[in-house]
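**Q** Predicted model, plus sequence, below.
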Amino acid sequence: MADPVLTVRDLHLAFRKGRQRTEVLHGISLHVNAGEKVALVGESGSGKSVTAQLALARLQQEKGTEAEGLIEVLGHDATRSPARIAAMRGHRVTMIFQDPTSALNPVFRIGEIFEQVLRAGGQRLRAQEARRRAEAALAEVQIPDPARALDSYPFQLSGGMNQRVMIAMALANGPELLLADEPGTALDVTVQAQTLRLMDDLVTSRGTAVLFISHNLSVVREFADRVYVIYRGRIVEHGRTEQLFSDPRHPYTKALLAAAPRLLGGGLPDLPQGAEAFADPLLVHDGCAEPGEVTA
Ligand SMILES: Nc1ncnc2c1ncn2[C@@H]1O[C@H](COP(=O)(O)OP(=O)(O)OP(=O)(O)O)[C@@H](O)[C@H]1O
């Protein structure tokens, strides 16, 4: 069996503010093997994002955070050696967020952000080579005019386009682990479906391990090899995806399944013929900023 790239064991997390202490994780354990696609599913506030933030060593240093237990990322303990995790972020371990447009720094052009991404981890790269690699990466996520997209600001692209840009950036350095936190939930369902399929194809062909965070069980069905169900800071059920769908044991998993919107075929919807929403990379839709409007 492949080695785990992420191991979480008996992880507890509490936030302290003044005299108040709020426990949000109550001893969760999970793992993601090399090349495996694993989903962490649960309702809002159940503790999905904080788990990913701990794996990225982003929460440990915050005042009031009390974390106990093991979080091992590519062989390094995220609590004891946060600097080692920080050094791997952006190339060996990467992340995709819910709202792609606000995740991209609005004051830089896509090309400039991409160049920084390609230099993550101190890699030396000439500007021309960075541009060539960025164009190739954007072409791979099926952006029709990569050169034009690289010269654009994030607010000039649609939410769907920015999500593709984020996917391209997250995979550009060949990470071993991708943390995808509700990717595309800020987008409409058809665009979300398209981008998730694209991400799925790319990570599957490259063998990138993914921890896929979602509140929607039916979305992960098509994507994940295994699923963990988290409820109020506890893993209440886990198993192989098909087994979990065909024979859910925990009442919460059953409720989550019943509540999940029925998408076509139980998974992501197929696109209607001719519904290519991406013909123009400068097209603004999905309720994103209007052209010329700079988002914060
Ligand atoms: N920095 C923080 N300080 C205090 N409490 C926090 C902090 N970050 C998260 N929490 C709390 O921890 C709990 C878990 O939050 P988390 O963001 O992990 O939920 P989630 O399952 O990802 O939900 P969503 O799907 O809405 O993002 C919530 O009650 C949240 O309010």
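**A** Cool, the structure landed.
**Q** Please look at T185 and Q192 and confirm they touch.
**A** Yes: between T185 and Q192 a contact is recorded at 6.8 Å, counting by Cβ atoms under 8 Å. Glycine gets a C-beta too; all of them are placed from N, C-alpha and C.
**Q** and the worst-scoring helix or strand of the chain on mean pLDDT, what does it pack onto?
**A** Each helix and strand of the chain was given a mean pLDDT (mean pLDDT, DSSP states H and E); the minimum falls on helix 100-103 at a mean of 74. Contacts defined by 3 or more Cβ pairs under 8 Å, 6 or more residues apart in numbering; DSSP states H and E place helix 100-103 against helix 159-172.
**Q** Name the strands paired with the helix or strand where L30 lies and say parallel or antiparallel.
**A** Take DSSP states H and E as the rule and L30 turns out to sit in strand 20-33. Applying DSSP bridges to the sheet, strand 20-33 is found paired with strand 4-17 (antiparallel).
**Q** backbone phi and psi for H238, please?
**A** phi -150, psi 160 (degrees, to the nearest 10).
**Q** Give me the number of neighbouring residues for the spatially closest residue to L11 that is not a sequence neighbour.
**A** Nearest residue to L11 in three dimensions, chain neighbours excluded: G69, at 3.7 Å (Cβ to Cβ, 6 or more residues apart in numbering). By the criterion of other Cβ atoms under 10 Å, G69 has 16 neighbours.
**Q** Does the helix or strand that contains G69 reach the ligand?
**A** Assessed by DSSP H and E, G69 sits inside strand 65-73. No: if you take Cβ under 6 Å from any ligand atom as the test, strand 65-73 misses the ligand, and the best it gets is 7.0 Å.
**Q** ok, R133 - contacts?
**A** By Cβ atoms under 8 Å, 6 or more residues apart in numbering, the contact set of R133 is L118, L125, A172.
**Q** one step back: for the helix or strand that comes right after the strand holding L30, what is the average pLDDT?
**A** Toward the C-terminus, strand 20-33 is succeeded by strand 37-41 as the next helix or strand (DSSP H and E). The average pLDDT within strand 37-41 is 96.
**Q** mind listing what strand 37-41 pairs with, with the direction of each?
**A** Strand pairing for strand 37-41, determined by DSSP bridges: strand 209-214 (parallel), strand 226-231 (parallel).
**Q** May I have the helix or strand harbouring G239 exported as PDB, CA atoms only?
**A** In this assignment (DSSP H and E), G239 forms part of strand 234-240. What follows is strand 234-240 as a C-alpha-only set of coordinates in PDB (Å, rounded to 0.1, in the frame of the first residue of the first chain):
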ATOM      1  CA  ARG A 234     -15.900  14.100  15.200                       C
ATOM      2  CA  ILE A 235     -15.400  11.600  12.400                       C
ATOM      3  CA  VAL A 236     -18.700   9.700  12.600                       C
ATOM      4  CA  GLU A 237     -18.200   7.400   9.600                       C
ATOM      5  CA  HIS A 238     -15.600   6.600   6.900                       C
ATOM      6  CA  GLY A 239     -15.200   4.100   4.200                       C
ATOM      7  CA  ARG A 240     -14.800   3.500   0.500                       C
END
